[in-house]
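>>> got a sequence here, can you model it:
(one chain, ligands or ions: 1)
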Amino acid sequence: MKNEVIEKDIKKLSKEPNLKDYAATYKLFNWKAAYQHIDWFPKGKINAAHNAIDRNARGDRKSKVALFWEGSDGEKRKYTFLELMELSNKFANVLKTLGIERGDRVFFFLPRIPELYYGFLGTLKTGAIAGTLFAAFGEQALLDRLQNSAARILITNKDLKERVDKVKDKLPRLEKIILVDSDKNTDYVLSLTKLMEKAPEDYKVAHMDPSDPAFMLYTSGTTGKPKGVIHQHLAILHEHMSAKWVLDLREDDIYWCTADPGWVTGIAYEILGTWSNGAATLVYEGRFDPEKWYDLLQEYDVTVWYTAPTAVRLLMAAGNDLPEKYDLHQLRHICSVGEPLNPEGVKWGKKVFGIPFHDTWWQTETGGILIANYPCMDVKPGSMGKPIPGVVAAIVNDKGKVLPPNNEGNLAIKPGWPSMMQQIWRRPQKYESYFVGGWYISGDRALQDKDGYFWFIGRADDVIKTAGERVGPFEVESALIEHPSIVEAGVIGKPDPLRGEIIKAFVILKPGEKGSDKLLEDIQKYVKKHLAGYAYPREIEFVETLPKTRSGKIVRRFLKAQEMGLPIGDTSTLEE
Ligand code: WTA
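Coordinates of the predicted model:
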């Protein structure tokens, strides 16, 4: 399989790619020289939102559509760069009136609606830190994030606010809630419409140091609560260059990124890197649906599409007759991220759209694409590709020593790329723990072949990737043991042909409780409400005991091996 190659001839591509010669660019490129690609204020100051929007709104792209928006109910709207500049300016003025200052945290708990996009940009303009919360989050997930970040303001809607109300008493630092769908102002709850009406359209964007925080995202590891990954304003440079090379974006593109801004992909490549390249973004508020997705690709003449392997597999499962009914000839480049993309998925792209899916690898912590396939480079189906210019990647052992080709090891990156996380919010030791022997250690296992292509093998830890969502087993276990019928729980990712992995839980019930289908459903509902709509165990097994170390830690590795019928490995540290 690894010898298979989809060859590229750049003369045959429908457009000459932005990155024409990978090897030559990789050799010559350096980040300092690329500073000219973004806009700077005097004295080396910068603002990511200025680069994404205002820079375009003040130039030739002023009247060009930046955002095509379609709501779940079919409502359609368009926003030009100028309109987005004015709306984000107004929003920045709203925050100023409320006393928001540089470094304060402003959070968004919204579906994919226009307010989220201009609100996010407006926040960056003030120098405050914007945080996003996925609309599927439950009470505990909200509490963890809003408490840890000590957010001062939350923007949400009436529906979602109900979940916030359940934990509001534990959030003394949350000063105001702004609702996008209310006209009433009270002391604590304000109306966005009312606030925006009074806000001026001009705003002097904050001049930030390149390393000043711009936005934060919570992500999961193996243990403990989710951690707040902080990204700096300079990340825009990385997002701009990678969107240019990997997504091959330019101003005449209609680009659709199917990710939600609750995750890093939605921020880096739906807002920042996309708009800084002058492309138009399509945002669809609704959920996945094969027919609707093909409809959107056709109706908006989408040229570049960035999606995820689970979506690709679901589309494949929906059959090839379906896309044949649509005119998708505008589509010229397709990419994927978030979990391994199987070779079948890459090749299916070629069969159905005439172009292979281009896999890209990165993480919340990396703030931008680090390893990728490019329009100009041959694709080896199943490989993540090669590091983008300016990024040095290697496979290292646990001490940080570089391993020769074809050896499995830790996928590691030389620190210093512009979108590298700048801190973990209030957890400096956690931040330090990512770096070993002069390398950033990603937590993924991989190998590099003789030709320099990287191949994903698996996670080095217990982190679960289900339908592209990153889930920490500890958080699911914690939610499970809060359930009145459960005493103990162990959670693993179980391989699944469609979703990559599903969450499987092994639970010990309280004495006297009996496992039943009803209880199983009740537990699932409980976790969804508590944690998030996607983070519940699709499979639950009621067990009598759980494998533990002598110090009482559940050994998930053991559960997983048992589940998959694999050798259990070293059991000398186990309790029994
Ligand atoms: C996984 C998403 C295989 C990986 C932007 C990584 C991938 C984690 C790929 C980060 C890929 C991402 N092939 N695995 N192309 N891309 N991953 O933080 O395990 O949600 O560490 O960021 O997703 O997930 P996160």
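>>> how about the residues of the stretch 451-576 of the chain by the ligand?
Taking Cβ under 6 Å from any ligand atom as the test, the list of the stretch 451-576 of the chain residues beside the ligand reads 456, 459, 465, 470. Where you see a C-beta, it was placed from the backbone N, CA and C, and this is true even at glycine.
>>> so what pLDDT did the last one get?
pLDDT recorded at Arg470 is 95.
>>> before we move on, what SS does it have?
Secondary structure for Arg470, judged by DSSP: H, G, I helix; E, B strand; the rest coil, is strand.
>>> surely it and Asp462 touch.
No: Arg470 lies out of contact with Asp462 (Cβ atoms under 8 Å); the separation is 11.7 Å.
>>> how about the residues of the stretch 451-576 of the chain next to the ligand, which pair is most distant?
Phe456 and Arg470 (14.4 Å; Cβ to Cβ).
>>> how far away is the residue in the chain that the ligand sits nearest to from Trp425?
When scored by Cβ to the nearest ligand atom, the chain has Thr364 as its residue closest to the ligand, at 3.4 Å. In this structure, Thr364 and Trp425 are separated by 13 Å, where distance is defined by Cβ to Cβ, to the nearest Å.
>>> so what sits against both of these two?
Common neighbours of Thr364 and Trp425, using Cβ atoms under 8 Å, 6 or more residues apart in numbering, are Val229.
>>> can you give me the neighbour number for the residue of the chain closest to the ligand?
Each residue near Thr364 was counted by other Cβ atoms under 10 Å, and the total is 21.
>>> excluding sequence neighbours, find me the nearest residue to it.
Across the structure, with Cβ to Cβ, 6 or more residues apart in numbering as the measure, the residue nearest Thr364 apart from its sequence neighbours is Thr219 (4.1 Å).
>>> tell me the bridge partners for that neighbour.
With DSSP bridges as the criterion, Thr219 is bridged to Lys227.
>>> hmm, it is touching Ile230, no?
No: assessed by Cβ under 8 Å, Thr219 is found out of contact with Ile230, at 11.4 Å.
>>> more neighbours: which of these two?
Here Thr219 and Ile230 are set side by side on neighbour count (other Cβ under 10 Å), and the busier one is Ile230, at 23 against 18.
>>> how far away is that one from Val205?
20 Å.
>>> quick one: mean pLDDT for the helix ranked longest in the chain?
Among the segments of the chain that qualify as a helix by DSSP state H, the longest is helix 81-97. What helix 81-97 shows for mean pLDDT is 98.
>>> buried ones in it, by neighbour count?
Of the residues in helix 81-97, those with enough neighbours to count as buried (16 or more other Cβ atoms under 10 Å) are 81-96.
>>> helix or strand right after it?
Read in the C-terminal direction, the helix or strand following helix 81-97 is strand 105-109, with elements assigned using DSSP states H and E.
>>> distance of Asp522 relative to Ala412?
43 Å.
>>> who's more crowded, these two?
Ranked by neighbour count (other Cβ under 10 Å), Asp522 and Ala412 place Ala412 first, with 25 against 13.
>>> pop out the phi and psi values for the nearest residue to the more buried one once chain neighbours are set aside.
Spatial nearest neighbour of Ala412, excluding adjacent residues (Cβ to Cβ, 6+ apart): Trp439 at 3.8 Å. Reported as degrees, to the nearest 10, the phi and psi values for Trp439 are phi -120, psi 150.
>>> residue contacts, Trp439?
Residues in contact with Trp439 (Cβ under 8 Å, 6+ apart) are 394, 396, 400, 410, 412-415.
>>> now, those residues that are in strands?
394, 396, 410, 412-413 (DSSP state E).
>>> okay if I get these as JSON lines plus pLDDT and distance to the ligand?
Shown next, in JSON lines, are the ones in strands among the contacts of Trp439 (pLDDT from 0 to 100; distance: Cβ to the nearest ligand atom, whole Å):
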{"residue": "Ala394", "pLDDT": "98", "distance to the ligand": "16"}
{"residue": "Val396", "pLDDT": "98", "distance to the ligand": "15"}
{"residue": "Asn410", "pLDDT": "98", "distance to the ligand": "11"}
{"residue": "Ala412", "pLDDT": "98", "distance to the ligand": "12"}
{"residue": "Ile413", "pLDDT": "98", "distance to the ligand": "11"}
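>>> which residues of the stretch 151-300 of the chain lie near the ligand?
Applying Cβ under 6 Å from any ligand atom, one finds that the stretch 151-300 of the chain approaches the ligand through 219, 263-265.
>>> from the residues you listed, which is closest to Pro210?
Looking at these and their distance to Pro210, the nearest is Val264, at 19.1 Å (Cβ to Cβ).
>>> list the contacts of that closest one.
Taking Cβ under 8 Å, 6+ apart as the contact definition, Val264 lies against 217, 219, 229, 362-364, 367.
>>> okay, it and Asn3: tell me how far apart.
33 Å.
>>> who touches the residue sitting furthest away from the middle of the chain in this structure?
Computed with Cα atoms, centre = their mean, the maximum C-alpha offset from the centroid of the chain is found at Gly512, amounting to 42.5 Å. By Cβ under 8 Å, 6+ apart, the contact set of Gly512 is empty.
>>> with the one 4 residues further on instead?
Under the criterion of Cβ under 8 Å, 6+ apart, the contact list for Ser516 is empty.
>>> per-residue confidence at it?
96.
>>> which helix or strand contains Gly490?
Applying DSSP H and E as the criterion places Gly490 in strand 486-496.
>>> average pLDDT for that strand?
For strand 486-496, mean pLDDT is 97.
>>> would you put the C-alpha positions of that strand in PDB?
Written as PDB, here are the backbone C-alpha positions of strand 486-496 (Å, rounded to 0.1, in the frame of the first residue of the first chain):
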ATOM      1  CA  ILE A 486     -22.200   4.100  39.000                       C
ATOM      2  CA  VAL A 487     -19.200   3.600  41.300                       C
ATOM      3  CA  GLU A 488     -16.300   3.300  39.000                       C
ATOM      4  CA  ALA A 489     -15.700   3.700  35.300                       C
ATOM      5  CA  GLY A 490     -12.900   3.100  32.700                       C
ATOM      6  CA  VAL A 491     -13.100   4.600  29.200                       C
ATOM      7  CA  ILE A 492     -11.300   3.800  26.000                       C
ATOM      8  CA  GLY A 493     -11.500   4.600  22.300                       C
ATOM      9  CA  LYS A 494     -12.700   1.500  20.300                       C
ATOM     10  CA  PRO A 495     -11.800   1.400  16.600                       C
ATOM     11  CA  ASP A 496     -14.900   2.000  14.400                       C
END
